[in-house]
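Participant: what would the 3D arrangement of this be:
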Amino acid sequence: MHPDSRSISRFFQGLAEVCPVGQLEHFHLIHWPTEPPSPLDPLREAGFRGRVVVARASLADAIRREHPGVELVLDDHPTAGAMAGHILMELPQGRLASSLAIDAALAALRDEESRLWLFGNRESGILAVAKGYTGVETALCKGHLRLLSLSKASRLHPEKSATRSFRPDADGFASLTVSGLRVALRPGIFSWQAIDPATLLLLEAIREHPGRRLLDWGCGSGFLGAALAARYPDLRVVLSDDLVTATNCARRTVEWNGLAERCEVITEDGIGRNLERLRFDVIVTNPPAHRGVRSNHDATLAFLASAAGVLHPGGVLWLVGNRGLDYGALLRPRFGQVEERDGDDAFTVWRGVKTREKHVASGRGRARDGQWLEPHGDDPAFRERMNAWGRGS
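Facilitator: As a prediction, this is how the structure comes out:
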């Protein structure tokens, strides 16, 4: 959702009049824009001191910059699995993703006095939630935004529940077998019910050996990176995505297919502090074209501006996109050789080679002897896995 700044300010200032902001223990954001204004400004002025749970690495980075003192967790569960008295949650995009998140939040409410405060606009489906659940109260309407209040006893109406097409296993994932791979899927990730045709086209187009190290950027379910790891037994793969739900699926995909020792999954925005310290022989991507339901190519544009910086000289970028989008014009200033390698009526596969004349350094750091220049948080096991990756061991 992208309401204007004036609407955001009016809504969240009004929210403090109907919602016990000081008692909110968790505030969950999924697709909220990373640029100001932040809803945290009026909420903190009204007394919010709870934990912020965000489902995207890009949003986590933005909040840490603007609000360094806020307790923040990167997770796709509304409370990161904790019980809570009051929860404020942005409505996820998509009917199934929203109903799963609402059910998870309701299950996390501590008692009958606890409330889930759910906000969204018409585009996100907030009106359908108001009609689809029992015990819903409309607490606030300002501009395009609406705030609903649900209790622990609220439930999806039976006729709505019967139409759900998501049938997860005990771990919460659905699975699909494609090209001999078992792929983990969940509502909320791109093309969650089937592998996207563009991804399949890209996989078919890659017939040359990709070298030793490969990055699957915007990995989604992890199918593409896992398929290439399975095809080439000497290949090491990093799979990266901004969305926590996607990397959870990708991690499960590589585990299910016995590829975890050669595959590392990272939740990160673009080429961030983890990827910028690594170097790859090949990058493959079916880049994101949306954030929630809205078209948004910002992440892809930023990625293409820095992708060459993490490729070895002679490294290759494989990209698939809609036929109407001229990715070649974006690639040619950064890659010495750019060509269309495959395509159909809907999609084009592009191949760009980083020549020495087009060497582009990463703007935020370099690798030295295959080691991280900075440790990754306080997780020594993760740091050692990435150092082993950098050494090629």
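
Participant: where does the chain dip in pLDDT?
Facilitator: Scanning the chain with the threshold set as pLDDT under 70 gives 1-4, 160-165, 170, 289-297, 356-393.

Participant: just how off-centre is the longest strand along it within its chain?
Facilitator: Scanning the chain for the strand with the most residues, using DSSP state E, yields strand 311-322. Computed by C-alpha atoms, centre = their mean, to the nearest Å, the chain-centroid distance of strand 311-322 equals 21 Å.

Participant: for the helix or strand just after it, packing partners?
Facilitator: As assigned by DSSP states H and E, the chain's next helix or strand after strand 311-322 is helix 327-331. With contacts taken as 3 or more C-beta pairs under 8 Å, 6 or more residues apart in numbering; DSSP states H and E, helix 327-331 sits against helix 298-306, strand 311-322, strand 337-343, strand 347-353. C-betas here are computed from N, CA, C, even on glycine.

Participant: the second one: partners in the sheet, and parallel or antiparallel?
Facilitator: So that's strand 311-322. Strand pairing for strand 311-322, determined by DSSP bridges: strand 280-285 (parallel), strand 347-353 (antiparallel).

Participant: can I get that strand in CSV, CA atoms only?
Facilitator: Provided in CSV are the C-alpha atoms of strand 311-322 (Å, rounded to 0.1, in the frame of the first residue of the first chain):
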residue,chain,number,x,y,z
LEU,A,311,30.9,-10.9,-10.6
HIS,A,312,34.5,-12.0,-11.4
PRO,A,313,35.8,-10.6,-14.7
GLY,A,314,34.3,-12.8,-17.4
GLY,A,315,31.3,-13.5,-15.1
VAL,A,316,27.9,-13.8,-16.6
LEU,A,317,24.5,-12.4,-15.7
TRP,A,318,21.4,-14.4,-16.9
LEU,A,319,18.1,-12.5,-16.6
VAL,A,320,14.6,-13.2,-17.8
GLY,A,321,12.0,-10.5,-18.0
ASN,A,322,8.8,-9.5,-19.8
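
Participant: what's the spacing between the most centrally placed residue in the chain and Met89?
Facilitator: What sits nearest the mean C-alpha location of the chain, by C-alpha atoms, centre = their mean, is Leu243, with 1.2 Å. Applying C-beta to C-beta, to the nearest Å, the value for Leu243 to Met89 is 16 Å.

Participant: can you check Gly309 too?
Facilitator: Relative to Met89, and taking C-beta to C-beta, Gly309 is found at 37 Å.

Participant: now Asp234
Facilitator: Separation of Asp234 from Met89 (C-beta to C-beta) stands at 45 Å.

Participant: for Ser39, which residues are in contact?
Facilitator: Ser isn't right for residue 39; it's Pro. By C-beta atoms under 8 Å, 6 or more residues apart in numbering, the contact list for Pro39 reads Ile8, Phe12, Leu29, Trp32.

Participant: again, but for Ile8
Facilitator: By C-beta under 8 Å, 6+ apart, Ile8 lies in contact with Pro37, Pro39, Leu145.

Participant: that one: what secondary structure?
Facilitator: Put simply, Ile8 is helix when judged by DSSP: H, G, I helix; E, B strand; the rest coil.

Participant: ok so, going back, Gly309 and Met89: which is more packed in?
Facilitator: A count of neighbours by other C-beta atoms under 10 Å puts Met89 above the other of Gly309 and Met89, at 25 against 20.

Participant: nearest residue to the more buried one in space, please, no chain neighbours.
Facilitator: Using C-beta to C-beta, 6 or more residues apart in numbering and skipping the chain neighbours, the partner closest in space to Met89 is His28 (4.3 Å).

Participant: that neighbour bridge partners, please.
Facilitator: As for beta bridges, His28 partners with Val53, Met89 under DSSP bridges.

Participant: just confirm it contacts Val53, I think it does.
Facilitator: Yes: between His28 and Val53 there is a contact at 4.7 Å, judged by C-beta atoms under 8 Å.

Participant: overlap of the contact sets of the two?
Facilitator: Taking C-beta under 8 Å, 6+ apart as the criterion, His28 and Val53 both touch Pro78, Thr79.

Participant: tell me the angle of the host helix or strand of Leu201 relative to strand 347-353?
Facilitator: Following DSSP H and E, one finds Leu201 within helix 197-205. For helix 197-205 against strand 347-353, the angle by axes from the mean of the first three to the mean of the last three C-alpha atoms, to 10 degrees is 50 degrees.

Participant: domain boundaries for this structure, per the record?
Facilitator: Following automatic domain parsing, the chain resolves into domains at 5-161, 174-391.

Participant: what residues sit buried inside stretch 14-27?
Facilitator: Residues Gly14, Leu15, Ala16, Cys19, Val21, Leu24, Glu25, His26, Phe27 are the ones in stretch 14-27 that count as buried (16 or more other C-beta atoms under 10 Å).

Participant: what residues does it touch?
Facilitator: Contacts to stretch 14-27, defined as C-beta under 8 Å, 6+ apart, come from residues 40, 42-43, 46-53, 78-80, 82, 84-89, 117, 119, 139-140, 142, 147, 149.

Participant: so which of those residues belong to helices?
Facilitator: Judged by DSSP state H, helices contain the following of the contacts of stretch 14-27: Leu40, Pro42, Leu43.
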